[in-house]
Structures are given as structure tokens and as C-alpha cells.
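# Sequence and computational prediction follow.
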Amino acid sequence: MELVASRTVRRPASDVFAFIADASNNPSWQSGMVSCRWTSPPPIAIGSRYEQVARFMGRPVVSTFVVVDLEPGRMIQLKTIDSTFPIEVRRSVEPIDDASCAVSARITGGPEGWMRFLAPLMRRRAQRSVDADYDRLVELLETK
């Protein structure tokens, strides 16, 4: 399963990257997100970890993520290392000018075991959810 989203944000790229790279902000803009907390000390770096609890399709999804790639100010890539719904997430920010940027995400992975048969249905629902999340992110960052 692959999901993508891309939006323009009227905020400096550095502000947007700082916000999306900090997983503790996830519950403020991602639907279904119950909690996120870093389990490794700052600063965020390759190898940093966080735990998240979410709900998807009415079911709890508990995951531990690790930062697998990082270009400060530009890109962060995360991968689940323990989850009922293993995924990899790449979030990027590209400056457009001093006051705006493009933010994008690519999410790959999906259910395992017997739930993989539900992947086509889950993909459509997950894409709608990701699109709504990135709309919410834009609104949140542009009104801050």
C-alpha cells in the first residue's frame, strides 16, 4: 500500500519542518492519533525513537517508530519497528520562497496476516484520512 499527500503551506520551510519532524505534535493534526511520545532524548537524530497509539477503522494501533533517515530542515523518514500495522513514512519540506513551502508525505506499508486481504478497502480509507490530515496540518500551521 502506498499513500501520498502534498500541500502548500504559507509558512517558512524551517517552521513547517520543525513541526512535522516532532512526533509529539502528531495528535494535533492527525486524526485517530491518541498519543505520541519520544522514548529517546533530544535532539531528533537517526536512531531516535517514539511510541504512538492510534485508532484506525475502530481498532487500536500501537507502534514504535525509529528515525531511519534525516536531512535536518528538509526530510525525515520513519519506520515502525514494532506495530500491528507496519509502515514507513517519509515527510519532506521544500521552500517555495521565504514565507511558504511545499510539504509532502509518502507512506508505504500496511496490514499483515489475515488483515492484508482488507488492504484495498483500507487503502482508500487511509488515503482519505491522510488527505484530511494534511489539510488540517495546513490550517493549523497557517493560523499559528
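Here it is on my side, so go on. What you see is a predicted model, and the numbers here were worked out from it, not measured in a lab.
# Could you list everything the nearest residue to T84 once chain neighbours are set aside pairs with in the sheet?
If the residues on either side of it in the chain are set aside, T84 comes closest to V61, at 5.6 Å by Cβ to Cβ, 6 or more residues apart in numbering. C-beta: built from backbone N, CA, C; applies to glycine. According to DSSP bridges, A54 are recorded as the beta-bridge partners of V61.
# got it, and I76?
Legend: beta-bridge partners of I76 under DSSP bridges are L70, R91.
# quick one: contacts for it?
By Cβ atoms under 8 Å, 6 or more residues apart in numbering, the contact set of I76 is 17, 20-21, 44, 67, 69-70, 90-91.
# cool, V61 as well?
When contacts are counted by Cβ under 8 Å, 6+ apart, V61 touches 53-55, 83-85.
# Quick check: pLDDT value at it.
As summarised for this prediction, V61 has a pLDDT of 84.
# same check, this time on the one 3 residues further on
At T64 the predicted local distance difference test score is 96.
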